[in-house]
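Peer 1: this one's sequence-less:
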């Protein structure tokens, strides 16, 4: 079965993400990078779905900007692999295939594991204290079921562990691939049980980091990403099956059949 979109279904029992305040006017002193930042958040949190066409007129009205900086923001996001620009067809949010998703999470798991091992070799006590504080903050967001705030802190923790490894090339590759997966990593926590497990894994991460146990932290992070990838693919298959069932139910019976 081919799955060609990364849009995941919303469930009534799932934690509610608080959408970014995209209706506020963009600070014109920081165009078009600020526009790209706003659009990136909208893509990550699902306001702009995978495969969706980016309507320039609507986005200009919503962000209160002109088309020139908006199109430049599209180009910035295109360079990150989040947006595809096609001649005479405009810009669309990139939709990853099932194969793309599986391969990306496999590679990301290896990069996260290497980041953890290197971080244990180079991290300072101050950096460990900061990551522990962020983990407590993330735990509070989890307790409040605030997925949007939780995810922002989550990203900061992973980025700090990666930076603590002090490997510039690793950081470059990590950031490039991670940008493609932000929407999926965000939405993999819409399931309460999987979100609870992810939170527990983060507590294990900071303990391994504090003890500078590189092999243990590497395994935790590798498993963490593997489970996220599995959760994403499971949700996509469930969504595809639901759409197929709904479609078949809408097809009327053949009047020629007895």
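Peer 2: Everything's here; your move. Since we're looking at a predicted model, the values are computed, not measured.
Peer 1: tally of neighbours for residue 97?
Peer 2: Other residues near residue 97 number 13, with proximity taken as other C-beta atoms under 10 Å. For every residue, glycine as well, the C-beta is placed using N, CA and C.
Peer 1: what ranges of the stretch 1-150 of the chain fall below the confidence cut-off?
Peer 2: Filtered on pLDDT under 70, the stretch 1-150 of the chain yields the residue ranges 1-29.
Peer 1: try it again at 90.
Peer 2: The stretch 1-150 of the chain contains residues with pLDDT under 90 at 1-32, 41, 43-47, 49-51, 80-81, 87-89, 95-98, 101, 147-148.
Peer 1: all helices for it, in order.
Peer 2: Applying DSSP state H, counting those that start in this stretch to the stretch 1-150 of the chain gives helices spanning 33-44, 56-63, 67-79, 98-122, 125-143, 147-164.
Peer 1: got the domain ranges for the protein?
Peer 2: Using the TED database, the domain parsing of the chain gives 31-93, 98-239.
Peer 1: let's have those in JSON lines, adding mean neighbour count.
Peer 2: Putting these into JSON lines (neighbours: other C-beta atoms under 10 Å) gives the following:
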{"stretch": "domain 31-93", "mean neighbour count": "17"}
{"stretch": "domain 98-239", "mean neighbour count": "18"}
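Peer 1: redo the helices of the stretch 1-150 of the chain as TSV? Include distance to residue 185.
Peer 2: Listed next are the helices of the stretch 1-150 of the chain as TSV, based on distance: least, C-beta to C-beta, whole Å:
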stretch	distance to residue 185
helix 33-44	8
helix 56-63	24
helix 67-79	17
helix 98-122	9
helix 125-143	14
helix 147-164	8
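Peer 1: next, give phi and psi for residue 51.
Peer 2: The phi/psi pair for residue 51 (degrees, to the nearest 10) reads phi 90, psi -10.
Peer 1: before we move on, the earlier item: for residue 217, find the nearest of the helices of the stretch 1-150 of the chain.
Peer 2: helix 98-122 (3.8 Å; C-beta to C-beta).
Peer 1: what angle sits between the closest one and helix 147-164?
Peer 2: Counting by axes from the mean of the first three to the mean of the last three C-alpha atoms, to 10 degrees, helix 98-122 lies at 60 degrees to helix 147-164.
Peer 1: distance between helix 98-122 and the chain's centre?
Peer 2: Between the centre of helix 98-122 and the centre of its chain there are 14 Å (C-alpha atoms, centre = their mean, to the nearest Å).
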